[in-house]
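> what shape does this take:
(2 chains)
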2 protein chains.
Amino acid sequence: MTTQLESARQGIVTKQIKEAAKRDKVKPEEIIELLKQGLAVVPANKNHSSLSAIAVSEKLSTKVNANIGASPLSSEKGEELEKLFVALDAKADAVMDLSIGGDIDGIRKAILEKCPVPLGTVPVYQAIAKKGIKNMVSDDFVEAVRKHAVQGVDFVTIHSGVSRNAIPLVEKRKTGIVSRGGAITLNWMKMTGEENPLLERFDELIEIALEYDVSFSLGDGLRPGSIFDANDEAMISEMKLLGELADRAFEKGVQVMIEGPGHIPLNMVKESMDLKKKYCGPYPFYVLGPVVTDIAPGYDHITAAIGGAVAASNGAAFLCYVTPAEHLRLPSKEDVKEGIIAARIAGHAADVAKGLKGASDWDNEMSDARKNLDWDKMFKLAIDPEKAKKYRKESEVGEEKECTMCGEFCPLRDTGAEKAADE
Amino acid sequence: MTTQLESARQGIVTKQIKEAAKRDKVKPEEIIELLKQGLAVVPANKNHSSLSAIAVSEKLSTKVNANIGASPLSSEKGEELEKLFVALDAKADAVMDLSIGGDIDGIRKAILEKCPVPLGTVPVYQAIAKKGIKNMVSDDFVEAVRKHAVQGVDFVTIHSGVSRNAIPLVEKRKTGIVSRGGAITLNWMKMTGEENPLLERFDELIEIALEYDVSFSLGDGLRPGSIFDANDEAMISEMKLLGELADRAFEKGVQVMIEGPGHIPLNMVKESMDLKKKYCGPYPFYVLGPVVTDIAPGYDHITAAIGGAVAASNGAAFLCYVTPAEHLRLPSKEDVKEGIIAARIAGHAADVAKGLKGASDWDNEMSDARKNLDWDKMFKLAIDPEKAKKYRKESEVGEEKECTMCGEFCPLRDTGAEKAADE
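Model prediction:
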C-alpha cells in the first residue's frame, strides 16, 4: 500500500499512472518523472473505486475543477448530484464537494459513487457544520480529514498555512479573510487562543494521507479577496509556510498541491505565479480564478477566465472554476456549466500559449472546418457543441452555407471556401 | 471648419475636446496634447449633432465599441434601433453600424439621429450591397465614403491596406481573408485586375475626411482569422502600409486609428501590439478581440475578453466587442449586451493593470461594500446591476445579509463585517 508518488519513486507504473498518461497522450514514464520531481499529482484515493485518474501538472494540459455542494441555505442531495452530471458533461477534470450544510455525508457518498473524476473536499466544513465553532476541538479538525480519507476522497484542502502569526496581517487588509475554511480556522484560533490544529498536527495528517493516498491541496486561507490585497504580506507569509509544509509532506511520500489566489489585478498575475514558485517549490499550483477585477458580480466566470488564462500560461496547473454566481449565491446547474466552459477556454488558451505539444491541433482543425464552411465538423469540434448548434440553427436560411452575420457577403465563401467544400 | 486634430494643433479647446476631457476626468489640455501626438482621436463628424464626444487613446480609459447593423439575411430597422438602445444601456462607448443588407440608408439615418456616442461604418458594405461586386467601379468605393461623411458618421473603416501585393500572401494562409471589407476589396481587385481604389485614391479620402472631420479607422483587411495565421507576413505587410497611410493622413490633419486582429494566441498578443507600434506609429490601436483560441464558438465574448484585456494592457486603446454569436450568426439583443459587458470587463481590467489614475477606485469601493455586506451598494457598483440583483434575489433568505454560497459560515460576516455594517 503506497501512494502514487511512492510508486513513482520506485519506478512502478500503476494503473492510475497509465490512465493519467493516456489522458494527456504522454508516456507513463513522463508522469512518473513529473511525480518524482513534485511537478505533478495523480489524486487517487485507494477507496475511490470508480475513478479514472488524471495528472495535474503545469507540464501537462491545464486541468479544471468544478465546485459543487450544498450550503445550509440551499440545495438537496438530488440537486447536487445533478450538478455533478452537468460538470461531467461539460468535461470538468475534477470536482470538489464543498457541502457545508444539508446531508453532508449522504451527498459526499452519493457523489463519490458516481464520480469518475478525482473528488476533492474541505473536511473542516463538515466539522463546523456538525458541531458549530463553539463546540469544535482540535480533534475535530483532524478526524474530519480522516473520515473523508476513509470514504475515498482523492484530495483534501487543508488550511494549514493559517497560523496565529497571520492574525495581525489579516487585520491590516481591506477585505480580511474571504476563504471560508481560512475564516473558520482563524475564528476558532481567536476564540480558543490555540494554534491551528491543521498546522500543529500536520504529521498526523501526513499519516492519514499516506494510508489512503489522499493528495494534499494546501489551502490559501489568506488568499486576497480584493485586488487591493493582492500579493500582500498576509498572502506571502502564508505561501512561505505552505512551501515548508509541502516539502515535509512530499518527502514523506504525500502528493501535494498548493492553492492560490483569489483576486489579483492583471498586471500582478505573473508576479503571483512567480511568488508561488519562489516560496512553494515545484508543486502544482491550483488557483481560484484569479479574478482580475472586483466590479463584475454576475460575470466572474469572465474575470476569472482572463486571470486563469494568464495564470496557467505562467505556471498554474489547475484552474478552479468561478461561476457567474460567485459573490452572489450558490451556483445553479446553468452556472456550473458556464463556469466550466469559461475555465476550460482559459486552460486551453494557456496550453496553446505555453506551447504544449498538440494543443493547437484543436484550433487548427476548427479553422480548417471554418474555412470550408463545414458546419457539422465545427459543431463536433466546438467546446460546447450544443450551444454552437443552437446559435447556428437560428441562423440557417434555406440551403445556404453562410450565416446571417454576412449572408452572401461571407468572406470565406467569396474566397473559394464554397468551392472547396463542394468538391 | 477644421478637424479636432487641427483645432488641437492650434491649441483651441473645442466643445468636443471638453466633453472628451470630462468623460475621462482629465484636463482638456491633456486631450489636446494626445491629439497633437497622434495618440488620441476624438471622432466627431461636424454633421453628427446628437453626439457627446469621447477620446480614444491608450493613455486614457479603454473604450469599447459595439457592432450592430443588418445583413441581407436578417434584421429590420426597428430591431437594429433596439440593439442601439441595448448598446447604450450597457454603456458601449461607440457603435458601428455594419449594415450590409436591408434598408441600409434608412437604418444608418435612424441610428445617427438617436446616437449620442460616436458612430462608425464600413462604407464599402453599402457600395457592394447596392450594386453587387460585378457592377462596382472605382468611384463606388470613394463615393460611399463621401455619402457616409455627409450624413454624419464619425469614423469610417477603410481597407486601404489591402494592396495587390497581398494576393500571394493571402493564398499562403490557413484561413485566407476573414474581413468582409477586405474580402470585397480583394475580390474586386482580382476581378478587375485594378489596384484598390481606397489605396490609389487615398488623397481624395483625405479631402473628404478633412471636410467633415471623419476619423479614419484604417481597416485590417488581412487580420488573421485563425491563431495559425497570427502575426504572419500578410498581417505585417498590411501593417507597414497602414503605417505609411496613417502618417500621410495625420500630417494633413485627419484623425487616424489603426485596426487590428483578430485571432491571436495569448503568447503572441503582446508581440502583436508591439508590431503595431513598430509599423503604425502612435495612432490608437482598435482591436477586434483578439480571440485567443478558435475552439469556442458560442463563447467568443470570453475568448475575446482574455485577448482584449491583455491587448489593452499592452497598448490597445479601443476594443471592438465580440459577442457569443460571433462565427455563428448576427447577434441578438442579448448577445449585444453580453458582448459589451465582456469587453468592458476586459477594458477595465486593463485600465487597472496599466495603472490608469483612479481606475482601481471602482474596485476598492466594491470591495468595501462587499466587506460590509452592503448589497445595495454592491448592486449600484456592479458592472451590470440588473444581473447582480437577479442573482442575489434568488439567494435571499429572510433578513439575513449572507448569501446561499456560505450561509451562516460567510467568512465576511464571521470576521466582523456584520458588526461594521450595523454600526
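
> okay, now the domains of chain A?
Using automatic domain parsing, the domain parsing of chain A gives A:4-354, A:361-422.

> winner for burial among those?
Ranked by mean neighbour count under mean count of other CB atoms under 10 Å in any protein chain shown, the domains of chain A are led by domain A:4-354, which reaches a mean of 22. All C-beta atoms are positioned from the backbone trio N, CA, C, and that covers glycine.

> endpoints of it, how far apart?
27 Å (CA to CA, to the nearest Å).

> quickly, which of the domains of chain A bottoms out on average pLDDT?
When those are compared by mean pLDDT, domain A:361-422 comes last with a mean of 82.

> do it and chain B meet?
Yes - judged by CB under 8 Å from any CB of the partner chain, domain A:361-422 comes into contact with chain B through A:362-364, A:366-368, A:370-371, A:378, A:381-384, A:387-388, A:390-392, A:394-395, A:397, A:400, A:402-412, A:414-417.

> which helices and strands sit right next to whichever strand or helix holds A:Glu238?
Secondary-structure element containing A:Glu238, defined by DSSP states H and E: helix A:233-252. With contacts taken as 3 or more CB pairs under 8 Å, 6 or more residues apart in numbering or on different chains; DSSP states H and E, helix A:233-252 sits against helix A:166-171, helix A:202-212, strand A:215-218, strand A:256-260, helix A:269-280.

> direction included, what does the shortest one pair against?
In other words, strand A:215-218. Strand A:215-218 sits in its sheet next to strand A:155-158 (parallel), strand A:256-260 (parallel), going by DSSP bridges.

> tell me which residues are up against the shortest one.
Residues from elsewhere that reach strand A:155-158 (CB atoms under 8 Å, 6 or more residues apart in numbering or on different chains): A:41, A:43, A:94, A:96, A:118-124, A:145, A:148-149, A:181, A:198, A:205, A:214-219, A:257, A:259.

> give me every residue that touches the spatially closest residue to A:Asp89 that is not a sequence neighbour.
Nearest non-adjacent residue to A:Asp89, counting by CB to CB, 6 or more residues apart in numbering or on different chains: A:Lys337, 7.6 Å away. Applying CB under 8 Å, 6+ apart to A:Lys337 gives the contacts A:86, A:89-90.

> can I assume A:Lys337 sits in a helix?
Yes - counting by DSSP: H, G, I helix; E, B strand; the rest coil, A:Lys337 is part of a helix.

> circling back: could I get the contacts of A:Lys337 as a markdown table with distance to B:Ile104?
Formatted as a markdown table, these follow (distance: CB to CB, whole Å):
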| residue | distance to B:Ile104 |
| --- | --- |
| A:Val86 | 44 |
| A:Asp89 | 43 |
| A:Ala90 | 41 |
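
> show me which of the residues you listed is closest to A:Asp105.
A:Asp105 has its nearest neighbour among these in A:Val86, at 22.4 Å by CB to CB.

> so that closest one sits against A:Lys333, correct?
Yes - taking contacts as CB atoms under 8 Å, A:Val86 lies within contact range of A:Lys333: 4.8 Å.

> beta partners of A:Lys63?
A:Phe318.

> now do the one 5 residues further on
Beta-bridge partners for A:Ile68, by DSSP bridges, are A:Asp97.

> got a list of what it touches?
Going by CB under 8 Å, 6+ apart, A:Ile68 touches A:80, A:83-84, A:87, A:95-98, A:111, A:331, A:336.

> show me where the stretch 51-200 of chain A has its strands.
A:56-57, A:63-68, A:94-97, A:119-121, A:155-158 (DSSP state E, counting those that start in this stretch).

> columns distance to A:Cys320 on top of these, output as a markdown table?
What follows is the strands of the stretch 51-200 of chain A, written out as a markdown table (distance: least, CB to CB, whole Å):
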| stretch | distance to A:Cys320 |
| --- | --- |
| strand A:56-57 | 11 |
| strand A:63-68 | 5 |
| strand A:94-97 | 8 |
| strand A:119-121 | 9 |
| strand A:155-158 | 10 |
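
> of all those strands, which one comes closest to B:His48?
Nearest to B:His48, of all the strands of the stretch 51-200 of chain A, is strand A:63-68, at 46.5 Å by CB to CB.

> got phi/psi on the residue lying closest to A:Lys174 once chain neighbours are set aside?
With CB to CB, 6+ apart as the criterion, A:Lys174 has its nearest non-adjacent residue at 4.3 Å, and that residue is A:Phe228. With angles defined as degrees, to the nearest 10, A:Phe228 sits at phi -60, psi -40.

> B:Asn364 is in contact with A:Phe228, correct?
Yes - at 5.5 Å, A:Phe228 counts as touching B:Asn364 under the criterion of CB under 8 Å.

> what sits in contact with each of these two?
By CB under 8 Å, 6+ apart, A:Phe228 and B:Asn364 have these common neighbours: A:Lys174.

> what ranges does the stretch 51-200 of chain A have for its helices?
For the stretch 51-200 of chain A, the helices defined by DSSP state H, counting those that start in this stretch occupy A:77-89, A:104-114, A:123-131, A:138-151, A:166-171, A:180-192, A:197-200.

> CA atoms only for the third one, dumped as CSV, please.
Spelled out, it's helix A:123-131. C-alpha atoms of helix A:123-131 as CSV (Å, rounded to 0.1, in the frame of the first residue of the first chain):
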residue,chain,number,x,y,z
PRO,A,123,-13.1,18.5,5.6
VAL,A,124,-13.3,21.4,8.1
TYR,A,125,-16.6,22.4,6.6
GLN,A,126,-18.1,19.2,7.9
ALA,A,127,-16.5,19.7,11.3
ILE,A,128,-18.1,23.1,11.8
ALA,A,129,-21.4,22.1,10.2
LYS,A,130,-21.7,19.2,12.7
LYS,A,131,-20.6,20.8,15.9
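
> now for that helix, which elements pack on it?
Helix A:123-131 sits against helix A:104-114, helix A:138-151, strand A:155-158, helix A:180-192, with contacts defined as 3+ CB pairs under 8 Å, 6+ apart.

> could I get the helices and strands packed on helix A:233-252 in TSV, plus columns for distance to A:Ala346?
Formatted as TSV, the helices and strands packed on helix A:233-252 follow (distance: least, CB to CB, whole Å):
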stretch	distance to A:Ala346
helix A:166-171	29
helix A:202-212	29
strand A:215-218	19
strand A:256-260	14
helix A:269-280	12
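
> closest one to A:Ile236 among the ones you listed?
The nearest among the helices and strands packed on helix A:233-252, by CB to CB, is helix A:269-280 at 6.3 Å.

> I'd like to know which elements the closest one is packed against.
In this structure, helix A:269-280 makes packing contacts with helix A:233-252, strand A:256-260, helix A:300-312, judged by 3+ CB pairs under 8 Å, 6+ apart.

> and for that helix, what are the contacting residues?
Residues outside helix A:269-280 that contact it (CB under 8 Å, 6+ apart): A:230-231, A:235-236, A:239-240, A:242-243, A:246, A:258, A:260-261, A:264, A:285, A:290, A:292, A:307, A:310-311, A:314-316.
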